[in-house]
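Asker: Pasted the sequence and its predicted model underneath.
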Amino acid sequence: MQRVLVANRGEIALRIIRACRELNIESIAIFSEADRDSLHVKYADRAVCVGPAPSSQSYLNLQNIISAAVVHGADAVHPGYGYLSEQPLFAEMCEAHNLIFIGPSPEQIELLGDKARAKAVMAEAGVPVIPGSEGPIESDAELIKIAEEIGYPVIIKAAAGGGGRGMRLVWKAEDLLQQSKIARAEAAAAFGNDQIYLEKYFVNPRHIEVQVVADHHGNVVHLGERECSLQRRHQKLLEECPSPAVSDELRERLGAAAVQGAKAVGYRNVGTVEFLLDAQGEFYFMEMNTRIQVEHPVTEMVYGIDLVKEQLRIAAGEELGYDQSGIGAYGHAMECRIIAEAIGKESRPSPGTITRLQVPGGCGVRWDSHVYQGYTVPPYYDSMFGKLIAWGTDRDEAISRMERALEELVIEGIETSVPFHRKVLQHPRFRKGDFSTSFVDELLSEQS
């Protein structure tokens, strides 16, 4: 592999470009007209504009991106996360143009992108799954029957969904049909597919995900778990590795289940198996993400493995240089997603020019971002513009180091999530590791 086109923007594009540089691989950045001054454009060996500011005309423009790869002599494409990273058609188009798609096969992306089908495959492989429908719901009668069998509350989800769209929580039977109509309409609008499925809803669970790495030679390993329960509107805000709720015994079971699921679909490259963990310590498969995750740095800090380099090596056909017994974890890491938004009950994105930027440093601190002083955060894309990661020998030191790093981080000109992250770190329940997916909403309610 000699030249990689990075089909993404922002911090993840820069992250991939840096990994390419260390492996002596040339990088090609793509950018929209709004991102011409982004660091990922400046750092790449080559850069090509693929369209106007709107994502639909640039970062989601399959034809322009493939053309850029072919014209500039790329032999591989890295999709990053979001955008086209879990689009099987994009992976197919790459293969059709003799471009290596740095990720799993189009068939694996399609299978695992269909949550109902993925759940059925995992259940057949012996991975614990959330009680619910075995596939898409075909009729109202079937919906009512399954809801009665598994018991309320239940949650309706879009079969091709993600990010909370097409998702509806139902507490009582009389609301079921109306909420299913709304979910179908949302799913059709967001994904072009109105299929839904039904699951048991667990009150105040934890969101735990397991990192897996698989090569083309049948080797599959896991790199422990990440705690991803601190969310708002189904979007993660702070992640950590390992989870304070997971014991060594539970970690072994979670990892084995994740590896078992990955092997069941013949998975290759880097992926993440996501689970719900209930109050009794039982876990259930939710979905598998077929890409690098936003929060991958916390795993890298604890396990000492560069996941993006692994993606590149695996795509090039290399075999993993280690097995499960050779993988070791040390310390604790957490990541704060820094977004251009003052997080509150009624908050909104705050694009604009960063008039002053001072980033933290020191032992165990990492800053992943594409912005700089004088950079203008555009209004067209996701409001996350940076990730602050802190590592410590244990969770207490990681928290202390993150607090220090947040104090050092100075961002002026726009509103950010930094004050919110400080409040989270100071909260007694967070300090104790006693929280669930409802924690952020509860914290914001306390402030109102």
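Answerer: Good, I have the coordinates.

Asker: Next, find the distance separating the most centrally placed residue in the chain from Leu276.
Answerer: Most central in the chain under Cα atoms, centre = their mean is Gln293, positioned 3.6 Å from the mean C-alpha point. Using Cβ to Cβ, to the nearest Å, Gln293 is found at 17 Å from Leu276. From N, CA and C alone the C-beta is placed, and that goes for glycine too.

Asker: what do you get for Arg422?
Answerer: The spacing between Arg422 and Leu276, counted by Cβ to Cβ, is 28 Å.

Asker: And Glu408, by the same measure?
Answerer: 36 Å.

Asker: Looking at the two, which is more packed in?
Answerer: Leu276 (21 against 15; other Cβ atoms under 10 Å).

Asker: Provide a list of residues in contact with that one.
Answerer: Leu276 sits next to 130, 202, 205-208, 283-284, 286 when contact means Cβ atoms under 8 Å, 6 or more residues apart in numbering.

Asker: now swap in Val121 and tell me
Answerer: Contacts of Val121 (Cβ under 8 Å, 6+ apart): 111, 261, 264-265.

Asker: what residues go with each domain of this structure?
Answerer: 3-102, 131-200, 206-447 (automatic domain parsing).

Asker: Would you convert those into JSON lines that also reports mean pLDDT and distance to Ala120?
Answerer: Converted to JSON lines, those look like this (pLDDT from 0 to 100; distance: least, Cβ to Cβ, whole Å):
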{"stretch": "domain 3-102", "mean pLDDT": "97", "distance to Ala120": "18"}
{"stretch": "domain 131-200", "mean pLDDT": "91", "distance to Ala120": "6"}
{"stretch": "domain 206-447", "mean pLDDT": "96", "distance to Ala120": "11"}
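
Asker: Quick check: which of the ones you listed is nearest to Ala118?
Answerer: domain 206-447 (6.1 Å; Cβ to Cβ).

Asker: tell me which residues in stretch 59-73 are buried?
Answerer: 59-61, 64-66, 68-69, 72 (16 or more other Cβ atoms under 10 Å).

Asker: For burial, what's the neighbour tally of Tyr380?
Answerer: Tyr380, neighbours per other Cβ under 10 Å, totals 16.

Asker: With the one 5 residues further on instead?
Answerer: Burial measure for Phe385: 24 neighbouring residues, criterion other Cβ under 10 Å.

Asker: and the closest residue to it other than its chain neighbours, what does it touch?
Answerer: Nearest residue to Phe385, sequence neighbours excluded (Cβ to Cβ, 6 or more residues apart in numbering): Val371, at 5.1 Å. Contacts here follow Cβ under 8 Å, 6+ apart; on that basis Val371 touches 38-39, 354, 357, 377, 385-386.

Asker: Please apply the same query to Val4.
Answerer: Taking Cβ under 8 Å, 6+ apart, one finds 16, 20, 25-28, 74-78, 102, 312 in contact with Val4.

Asker: that older thread, so which of the contacts of Val371 is the closest to Ala116?
Answerer: Once Cβ to Cβ is applied, the member of those that ends up nearest Ala116 is Phe385, at 34.6 Å.

Asker: buried ones in the helix or strand where Leu238 lies?
Answerer: Using DSSP states H and E, Leu238 sits within strand 235-241. Of the residues in strand 235-241, 236-241 count as buried by neighbour count, 16+ other Cβ under 10 Å.

Asker: number of nearby residues for Ala245?
Answerer: For Ala245, the count of nearby residues is 18 (other Cβ under 10 Å).

Asker: what does Gly192 give?
Answerer: By other Cβ under 10 Å, the residues close to Gly192 number 8.

Asker: What sits closest to it if chain neighbours are left out?
Answerer: Nearest to Gly192 is Ala160, by Cβ to Cβ, 6+ apart, at 7.9 Å.

Asker: who touches the nearest residue to His296 once chain neighbours are set aside in this structure?
Answerer: For His296, ignoring the flanking residues on the chain, the nearest one in space by Cβ to Cβ, 6+ apart is Leu307 at 4.9 Å. Shown in contact with Leu307 (Cβ under 8 Å, 6+ apart): 211, 213, 223, 270, 292, 296, 299-300.

Asker: End to end on stretch 288-297, go ahead and measure it.
Answerer: Terminal residues of stretch 288-297 are spaced 18 Å apart (Cα to Cα, to the nearest Å).

Asker: a strand runs through Tyr328, doesn't it?
Answerer: Wrong residue type there; residue 328 is Gly, not Tyr. No. Membership of Gly328 in a strand is not supported by DSSP: H, G, I helix; E, B strand; the rest coil, which gives coil.

Asker: Of all the strand elements in the chain, which one is longest?
Answerer: strand 220-232 (DSSP state E).

Asker: Counting by contacts, list what that one packs against.
Answerer: strand 206-214, strand 235-241, helix 248-264, helix 296-303, helix 439-447 (3 or more Cβ pairs under 8 Å, 6 or more residues apart in numbering; DSSP states H and E).

Asker: Can you tell me how far the residue nearest to Gly192 is from Arg184?
Answerer: Ala160 is 12 Å from Arg184, where distance means Cβ to Cβ.

Asker: What is the nearest of the buried residues of stretch 59-73 to Ala398?
Answerer: Closest to Ala398, out of all of these and judged by Cβ to Cβ, is Tyr59, at 33.3 Å.

Asker: Over to that closest one. Which of the three states is it?
Answerer: coil.

Asker: Same question for Gly361.
Answerer: Going by three-state DSSP: Gly361 is coil.

Asker: so who does it touch?
Answerer: Gly361 neighbours (Cβ under 8 Å, 6+ apart): 367, 408.

Asker: Can you list phi and psi of it for me?
Answerer: Main-chain torsions, Gly361, degrees, to the nearest 10: phi -150, psi -160.

Asker: What number of residues are in the vicinity of the residue lying closest to His216 once chain neighbours are set aside?
Answerer: Computed as Cβ to Cβ, 6+ apart, the closest residue to His216 that is not its neighbour in sequence is Arg268, at 5.4 Å. When neighbours are defined as other Cβ under 10 Å, Arg268 has 22 of them.
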